[in-house]
Structures are given as C-alpha cells and as structure tokens.
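Colleague: Give the three-dimensional model of this entry:
(3 chains)
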Amino acid sequence: MLTDLFSPSVQHSLDIAGIFVFAISGALLAVRKNFDVFGMAVLAEVTALGGGLIRDVIIGAVPPAAFTDLGYFLTPLLATVIVFFLHPEVERITKAVGVFDAAGLGLFCVTGTVKAYGHGLGLVFAATLGLATAVGGGVLRDILAHEVPSLLRWDRDLYAVPAMVGAALAALLLRFGALDGLAYAVPVVTAFVLRLLAMRFHWRAPRAWHRRSAATEEA
Amino acid sequence: MLTDLFSPSVQHSLDIAGIFVFAISGALLAVRKNFDVFGMAVLAEVTALGGGLIRDVIIGAVPPAAFTDLGYFLTPLLATVIVFFLHPEVERITKAVGVFDAAGLGLFCVTGTVKAYGHGLGLVFAATLGLATAVGGGVLRDILAHEVPSLLRWDRDLYAVPAMVGAALAALLLRFGALDGLAYAVPVVTAFVLRLLAMRFHWRAPRAWHRRSAATEEA
Amino acid sequence: MLTDLFSPSVQHSLDIAGIFVFAISGALLAVRKNFDVFGMAVLAEVTALGGGLIRDVIIGAVPPAAFTDLGYFLTPLLATVIVFFLHPEVERITKAVGVFDAAGLGLFCVTGTVKAYGHGLGLVFAATLGLATAVGGGVLRDILAHEVPSLLRWDRDLYAVPAMVGAALAALLLRFGALDGLAYAVPVVTAFVLRLLAMRFHWRAPRAWHRRSAATEEA
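Modeller: Numbers count the residues shown, from 1 in each chain, chains lettered A, B, ... in the order given. Model (predicted):
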C-alpha cells in the first residue's frame, strides 16, 4: 500500500512527532488565552488531530485515526503536561517550535494527500484534503480560542501555500506512480523548506487588488 | 430519480450558478476582513460548498459532492479571481449580488431537501437539511471570518425563513409525489420571492417577548 | 443491547429531559445575544443535539439520532417557545436550570460513552466521545454565538471534569461488564453530584504553572 512506502513504524513515529509539535502550539495558545489545564488539553488535541479528523470524516474513514490509535491521543496530553510546567521555557524556544511545526506541516500535507487518494478521491481533491490535514487543526484551534484564524490573516508569513505546494507535488507524484521510497521525501521537504523560507523572509500573500477608487478610501 | 426532474445538465448549471454567487459573497467578506488571496479562496469555497458538505456528512453521502465534482470546486476559485481584481466594481453591484444570492438560496433549500429525502430521511429532517444546505455555508463563512453569524442577528432582513418555507414546501410536494417537472420550480421561486420581499421591505423576525420587567431594564 | 439497560421508554424520557434543559441554556444565550426567534431555535437545537451529532458523525452512525427521532428535534423548539414568552421568569430560576443542566451532563456523558463503545471504539475513545456528547453542544452554542467557549475558560466552575469522571467510570464499568441495571446510575449520579459540588463551592481547574519569570510579567 501507498502508506507503507516507509516502514509502518517510521511513518508512525513521524506522525507522532508532527502531532506533538502541533499539540505544543495548541497548548501554548491556551496559556496565552488564560485557559485552564483542561482547556489546554482540548486545544492541544484539537490542533494536533483536528485536520486528520476533518479529512477522515469527509472521506468516510470512520472511526477516524484519532479515535483508534492510542498514541495519537496520548501525545497531545504529554505536550499539555510539558507546556503546563515549562511554558515560559517553551515560549522562549518559539523559533525552534516553528521549525518543528514546519516539519509537521510538510509531513501532514503529504500523508493527508496519500490517504485521501487511497480512498479513491481525485488528485485535486486528494491534494485539497492534504492541505486540510495540514492546516485544519490550526483553524479549529483558533476558532475554539475565539481568534481570527491565523491561516487567513494577510499579516502572517505564508503557511498554507507551502502545504499547498507540497500536497500538489505529492498528488503529481502519485499520478505518475512515483511517490515511493525516497521520492516520498521530495514533497515533504519542499513544503518544509518553503515554510522555513517564508518565516525567514516574511513572505506574504497579496491582498485584493486595490484600484484608485478603493485606494482613495483607504487613504 | 428525483434529482433528475430537470435534465442533469440543467440541474448542474443551476447548482454551479448558485455556488458562484455564494462564493462571491464569501470572497467579498474576505476582502472586507483584509484577508489575503488565499483567505479569499478559502472563504469562497466554504461559503459555496459548506452547506452541502454538512448535509452530505450527516446523511452519510461521502465523499461529499464538493469533493467529487471538479466544477463545484473550481467555480469558487473563479469567483475569487473576479473579486480579487474587480472587488470595487462587485461591491458597487451588491444589490444585484443580493438578487443572485436569493436565487441560490431558493435553489439550494430545494435541492438539499430532495437529496436528503432521497437518502431516506423523514420529511421534517429532509427539510431541515434543505435549510442547512442553503444557509450552512454562510454560517461557516462567518465563523471562519470571526463574525457573529449574520443568519442569527435580529437586525438583518429575513434570510432563513424564506429558505425554511421553500424547504417545507418541497418536502410537502415530495410527500404527495408532486415535485416533478414544473412543480419543482414552485418552492424554489417561493423562497426566492420571499427573500426578495424581505430585502425590499426589511422584514425582521421578532425577538423574545419583553414583559414589563425586562422592558424596564432596557429603558 | 447495552443501551437497553433501562427500558427503552425510560431511557428515551431521560434523553428528552436532558435535551430540554440543554436547549433552554441555548435559547437563553440567544436572548442575551439579542438574536431573533429563529436564532433562538438554532441555538436551542445546536446546544441540545450538537454533542450527540458530533459523536454520531465520528463513529459513523449516520444519519445521526438527531435526524431520525422527531422527539429529539421538537423538544428544543418547545424550549424555544417557553423561553420566547417567559425568559425573564426562566432567567430568575437560573439556579434550577443549572441543576437540571447538571443532570443532563451526567446522563449524556454516560449514554455517549455507551453508544460509542457499542460501535466498537476502545474504552479511552468511548469515554472521550462520552465527554464530547455531554459538552460538545455547549461548545458549538458558544462558537455560533461568537463567545469564548465557556468550557475552556478558567473562571468558570468545573464543567468538563465531572463529565470526564462520569464517562471514565462508565467505561470502566463497561470493561468489567458491570454497567447493567442500577449500576448504570452510578456514573450518572457521580457526574451529577460532582457538578453540583463544583457549582456550590466554585471549584476551578488550575491554569499553567507560573514561575517567577512569568509571574513578574503579570504583576
């Protein structure tokens, strides 16, 4: 099977690592929002598992992976405990967290695409669900925390676009039966590096075209 | 089949038209919220396809239509491109957009009811999902954009009630096996006209009954 | 079957009672948010049925109970009518509403756990979905009403923890085949009483550990 390109245990370890860093970002936001430890756990779980949950419900893979793999479920709780006791330290290494988050982004956009494709979806839709797997948890996190989704704000460094590129690349490789062995790393690393570059150089996506009429209003 | 009352191509064209106008409203809100072009595309897709997505997940029709029909998926992207370059012009014809939106509302409340009924749901539930198909995308749009759902605010012209009437009428006609041929247009046009009248005469729904005790508080 | 531990009619009556009190809390929030009568009905339905809906979609029990049982659907509308005409009176008995809500919480965390377990989920996941059944509707209510989810705020009396204890207890009893007859009442009453105690003594969950560095910032 496609998902066995890596040995299952390697794949699973990578998944757990991605879940862990996403959960850290959820728990940190909960601390900033002054939520209690239960709210931290909820945001950690939702951020880490929400994207895959949306994907699985849409492709009909129920119960979703988040509700069958105990490792997936317990990892965010571990992240919650760490942030609970060490959040000033974790905040201080935000940049390192950002790098790990970029790795999770690269990984999830590809595994999501592969899983959706394996359930018979077309390439465009598989890539879309790969993107949703990578960014969906963060959107649910922001909605639960009552914030404007960071994903949609123009004043944030590109986040979705690297995942889109990674998912599209994965879909293309799937199309030509070439997403095996080391080739699996190509879209993952591409999305990862693009995200790192976006953070480093503060890449932004353009907002709607402002003609004179609109521009005047603004001034 | 019930959904083939119109020729499939006519039905599909109507669906695409409804999706297009809903997507325009999503992209316009994204511009107002100062989101970037990616945020515009997300809000356009969610507004246009979110209601049907909720319906399909609830009735178990997975993968949902939004993830199997490329036309459904690409239409909101076209709307995004148009709003990206021409949003001052589109804003200027808001009234025309409102008329098309009313047409989408009328159409979706009926197609949603028919699809849910075809999946074996009772009449009341089919009509409820028809309503959800028509208004669900707009609610998801507002939640993602971090706004109070326009649907629930008392200071907006009636939006859900026309869709409720259309969906209930469609359910009744289904019950008596009379939703065929031209009769299909009856609930669609009813909801459409009711919505136009609500916009024209600023019809509102009542808020909770204020007795003396409460009224005094307000004064 | 496990869900037939009580006679179906007793179980159903308890469900309806829980749905009713949850719906009251939804309709009351809608009044406070100045929504119209339609918004009241939406919040009542979502608060009462949302948790079970999430559970059913995740375990693949579609169409969900909320869309097959007319009593489940009509009860929130009855609650809406009552709050519409009598909301000052209902507000005045908020404490009584809180007691009923605690009863709904205790009941739903157990029925949710039992249903998820009956669909083959592991004990940890069944208990998690029991918790989601009990608190999910309230979270959806707050998101739709554009409020910070009351569930996550540290300055609210414990709400989720009693449901977690009840769900975990129910899962343990299921594990040992002991959740039959009167034993069914044990986790329900435990969650109910814990919630009452939390309200009475204003129990709170801790927030993240503040070390000197963070504490100084706050001062």
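Colleague: The residue sitting nearest the centre point of chain A: which element?
Modeller: The centroid of chain A falls nearest to A:A134 when counting by Cα atoms, centre = their mean (2.8 Å). Secondary structure here is read from DSSP states H and E; on that basis A:A134 sits in helix A:123-144.
Colleague: That helix vs chain C: in contact?
Modeller: Yes. Using Cβ under 8 Å from any Cβ of the partner chain, helix A:123-144 reaches chain C at A:I143, A:L144. (C-beta placed from N, C-alpha, C; glycine too.)
Colleague: Measure how that helix sits relative to helix C:123-144, angle-wise.
Modeller: Angle, helix A:123-144 to helix C:123-144, by axes from the mean of the first three to the mean of the last three Cα atoms, to 10 degrees: 70 degrees.
Colleague: Can you confirm whether the helix or strand that comes right after helix A:123-144 lies near chain B?
Modeller: Past helix A:123-144, heading to the C-terminal end, the next element that is a helix or strand (DSSP H and E) is helix A:160-175. Yes. With Cβ under 8 Å from any Cβ as the threshold, helix A:160-175 lies in contact with chain B, specifically through A:A160, A:V161.
Colleague: So what's the gap between helix A:160-175 and the chain middle?
Modeller: Counting by Cα atoms, centre = their mean, to the nearest Å, helix A:160-175 is centred 13 Å from the centre of its parent chain.
Colleague: Now do that helix against helix A:123-144, angle only.
Modeller: Angular relation of helix A:160-175 and helix A:123-144 on a 0 to 180 degree scale: 150 degrees, by the same axes, to 10 degrees.
Colleague: Output helix A:160-175 as PDB, restricted to C-alpha atoms.
Modeller: Once side chains and other backbone atoms are set aside, the C-alpha atoms of helix A:160-175 remain, and they are given as PDB (Å, rounded to 0.1, in the frame of the first residue of the first chain):
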ATOM      1  CA  ALA A 160      -0.900  27.400   3.600                       C
ATOM      2  CA  VAL A 161       0.900  27.900   0.400                       C
ATOM      3  CA  PRO A 162       3.900  25.700   1.300                       C
ATOM      4  CA  ALA A 163       1.400  23.000   2.300                       C
ATOM      5  CA  MET A 164      -0.500  23.500  -1.000                       C
ATOM      6  CA  VAL A 165       2.700  23.100  -3.000                       C
ATOM      7  CA  GLY A 166       3.700  20.000  -1.000                       C
ATOM      8  CA  ALA A 167       0.200  18.500  -1.400                       C
ATOM      9  CA  ALA A 168       0.100  19.300  -5.200                       C
ATOM     10  CA  LEU A 169       3.600  17.800  -5.700                       C
ATOM     11  CA  ALA A 170       2.600  14.700  -3.800                       C
ATOM     12  CA  ALA A 171      -0.600  14.300  -5.900                       C
ATOM     13  CA  LEU A 172       1.500  14.700  -9.100                       C
ATOM     14  CA  LEU A 173       4.000  12.000  -8.000                       C
ATOM     15  CA  LEU A 174       1.000   9.800  -7.100                       C
ATOM     16  CA  ARG A 175      -0.400  10.300 -10.500                       C
END
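Colleague: how far is the helix or strand that that helix is followed by from where the chain is centred?
Modeller: With elements assigned by DSSP H and E, the helix or strand that comes after helix A:160-175 is helix A:185-201. In this view, helix A:185-201 has its centroid 13 Å away from the chain centroid, taken as Cα atoms, centre = their mean.
Colleague: Contacts for helix A:185-201, please.
Modeller: A:98-99, A:102-103, A:105-107, A:109-110, A:113, A:134, A:157-159, A:161-163, A:165-167, A:169-170, A:173, A:179, A:203 (Cβ atoms under 8 Å, 6 or more residues apart in numbering or on different chains).
Colleague: Mind doing that once more with 7 Å?
Modeller: A:98-99, A:102-103, A:105-107, A:109-110, A:157-159, A:162-163, A:165-166, A:169-170, A:173, A:203 (Cβ atoms under 7 Å, 6 or more residues apart in numbering or on different chains).
Colleague: Nice, that's everything, thank you.
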